[in-house]
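# Here is the input, now give the coordinates:
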Amino acid sequence: MLADIAKLLKDSIVEQLKTPRPVRTYNGQQKAVCCRLAPRTPPRASGNLIKETRVFWEEGFFEGEPELIVSMPSYYFFIEQGRKPGRFPPLRAIDRWVIQKKGLSGIRDERGRFLPRKTQVFLIARSIAQYGFGGTPFLDNAINKVIPKITDDLGDAAREYFQRALNERRILVIPED
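Prediction:
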């Protein structure tokens, strides 16, 4: 039963990370790009967050009851919570993201000329510094979506166990690095 709950949660997290969402600023406004709204894209570029996310049960420290561990790379926090406007983000990280993100190679300026990658990186970093970017609460959405599935697939006892683990904070998100 516990392994089934972990698998359902992992599948729900993957589903949330593959769902396209509108690009939003930190305060929730939908982002405009070149006088039109930015396209809906999944909150992923390389897929490393999906590949490196592990969900498993581990024996609890105090009461001996198992704790559900969600282990993922440390940058999950920025995807989940977003980033406030203010300082420029690291250009090297933005450059790697531009290379990995599909649909960003071949952006043109007003005259129809292709923008060099360095220019794209600077413009994206400047936009993040000015407006921030809104988070995608994929973890909360995955947990909320998995509770009815647990009831349907495993029954009320499993749902109550998962809900109790959630209320007692026995579901831990651990950043790796």
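# Tyr161: how many residues sit nearby?
Neighbourhood size, Tyr161 [other Cβ atoms under 10 Å]: 18. In short, each C-beta sits where N, CA and C put it, glycine included.
# Oh, that last question was meant for Glu110, not what I typed.
As a burial measure, Glu110 scores 6 neighbours (other Cβ under 10 Å).
# Retrieve the pLDDT associated with it.
The confidence metric pLDDT takes the value 79 at Glu110.
# what do you get for Asn167?
80.
# Now it, what are its backbone angles?
Per-residue torsions, Asn167: phi -70, psi -30 (degrees, to the nearest 10).
# do you know how far it is from Glu65?
In this structure, Asn167 and Glu65 are 13 Å apart, going by Cβ to Cβ, to the nearest Å.
# Among these two, which residue is more densely surrounded?
Shown here are Asn167 and Glu65; by other Cβ under 10 Å, Glu65 has more neighbours (14 against 9).
# My read is that that one contacts Arg170, right?
Yes - Glu65 lies in contact with Arg170 (Cβ atoms under 8 Å); the separation is 6.7 Å.
# Please report phi then psi for the residue of the chain most remote from its centre.
Using Cα atoms, centre = their mean, the residue of the chain lying farthest from its centre is Arg111. It sits 35.0 Å away. Phi and psi for Arg111, reported as degrees, to the nearest 10, are phi -90, psi 0.
# buried residues in stretch 143-160?
143, 145-147, 149-151, 154, 158-159 (16 or more other Cβ atoms under 10 Å).
# Run the chain-centre distance for that stretch.
The chain centroid and the centroid of stretch 143-160 are separated by 22 Å, computed with Cα atoms, centre = their mean, to the nearest Å.
# Would you mind putting the CA coordinates of that stretch into PDB?
Output of stretch 143-160 as PDB, limited to C-alpha atoms (Å, rounded to 0.1, in the frame of the first residue of the first chain):
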ATOM      1  CA  ILE A 143      -0.600  16.300  -3.500                       C
ATOM      2  CA  ASN A 144      -4.200  17.700  -3.800                       C
ATOM      3  CA  LYS A 145      -4.700  15.700  -7.000                       C
ATOM      4  CA  VAL A 146      -3.400  12.400  -5.600                       C
ATOM      5  CA  ILE A 147      -5.700  12.300  -2.500                       C
ATOM      6  CA  PRO A 148      -8.900  11.300  -4.600                       C
ATOM      7  CA  LYS A 149      -6.800   8.800  -6.600                       C
ATOM      8  CA  ILE A 150      -5.600   7.200  -3.400                       C
ATOM      9  CA  THR A 151      -9.300   6.800  -2.300                       C
ATOM     10  CA  ASP A 152     -10.400   5.400  -5.600                       C
ATOM     11  CA  ASP A 153      -7.500   3.000  -6.000                       C
ATOM     12  CA  LEU A 154      -6.600   2.000  -2.500                       C
ATOM     13  CA  GLY A 155      -9.600   2.800  -0.400                       C
ATOM     14  CA  ASP A 156     -10.600   5.100   2.400                       C
ATOM     15  CA  ALA A 157      -8.000   3.600   4.900                       C
ATOM     16  CA  ALA A 158      -5.100   4.500   2.600                       C
ATOM     17  CA  ARG A 159      -6.500   8.000   2.100                       C
ATOM     18  CA  GLU A 160      -6.900   8.500   5.800                       C
END
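# Much appreciated, bye for now.
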